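A.B. asks: coords below, sequence missing:
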């Protein structure tokens, strides 16, 4: 798996779980004290990196296991 592919998978899964929880990008950004543009970049094909600590915060905010962000099912 190429480096860009993993970030694309993570971004798609963040979007999936955000939508399942009924959050807008703005609401999730506010909850995590991040910018809305950061969330938008993560969810798009724009290459955006993030730390494991930040990914853990997404998992907590979205009530999912951190490993769920790496699933390539969809």
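C.D. replies: Perfect, I can see it now. Given the structure is predicted, the values throughout are model-derived calculations rather than measurements.

A.B. asks: Residue 17 and residue 61 touch, don't they?
C.D. replies: No: Residue 17 is not in contact with residue 61 according to Cβ atoms under 8 Å; the separation is 9.2 Å. To be clear about C-beta, it is placed using only N, CA and C from the backbone, and glycine gets the same treatment.

A.B. asks: list the helices and strands the helix or strand of the chain with the lowest mean pLDDT packs on?
C.D. replies: Least confident helix or strand of the chain, by mean pLDDT, DSSP states H and E, is helix 3-20 with a mean of 91. Counting contacts by 3 or more Cβ pairs under 8 Å, 6 or more residues apart in numbering; DSSP states H and E, helix 3-20 packs against helix 36-43, helix 52-62.

A.B. asks: Contacts for the last one next, please.
C.D. replies: Contact with helix 52-62 is made by 10, 14, 17-18, 21, 23, 28, 31-32, 34, 65-66, 68-69, as judged by Cβ atoms under 8 Å, 6 or more residues apart in numbering.

A.B. asks: Out of these, grab the one that's most surrounded.
C.D. replies: Counting neighbours by other Cβ atoms under 10 Å, residue 14 leads those with 24 neighbours.

A.B. asks: Now do the same contact list for that residue.
C.D. replies: Per Cβ under 8 Å, 6+ apart, neighbours of residue 14: 39, 42-43, 58, 62, 69.

A.B. asks: Which member of those residues is positioned nearest residue 51?
C.D. replies: Lowest distance from residue 51 to these (Cβ to Cβ) belongs to residue 58, with 10.7 Å.

A.B. asks: do you know how far that closest one is from residue 29?
C.D. replies: Residue 58 is 11 Å from residue 29, where distance means Cβ to Cβ, to the nearest Å.

A.B. asks: With neighbour numbers in mind, choose between those two.
C.D. replies: Legend: neighbour count by other Cβ under 10 Å for residue 58 and residue 29, higher for residue 58 (23 against 17).

A.B. asks: So what's the predicted local confidence for that one?
C.D. replies: The model reports residue 58 with a pLDDT of 98.

A.B. asks: Kindly report the same for residue 72.
C.D. replies: Value for residue 72, per-residue pLDDT: 89.
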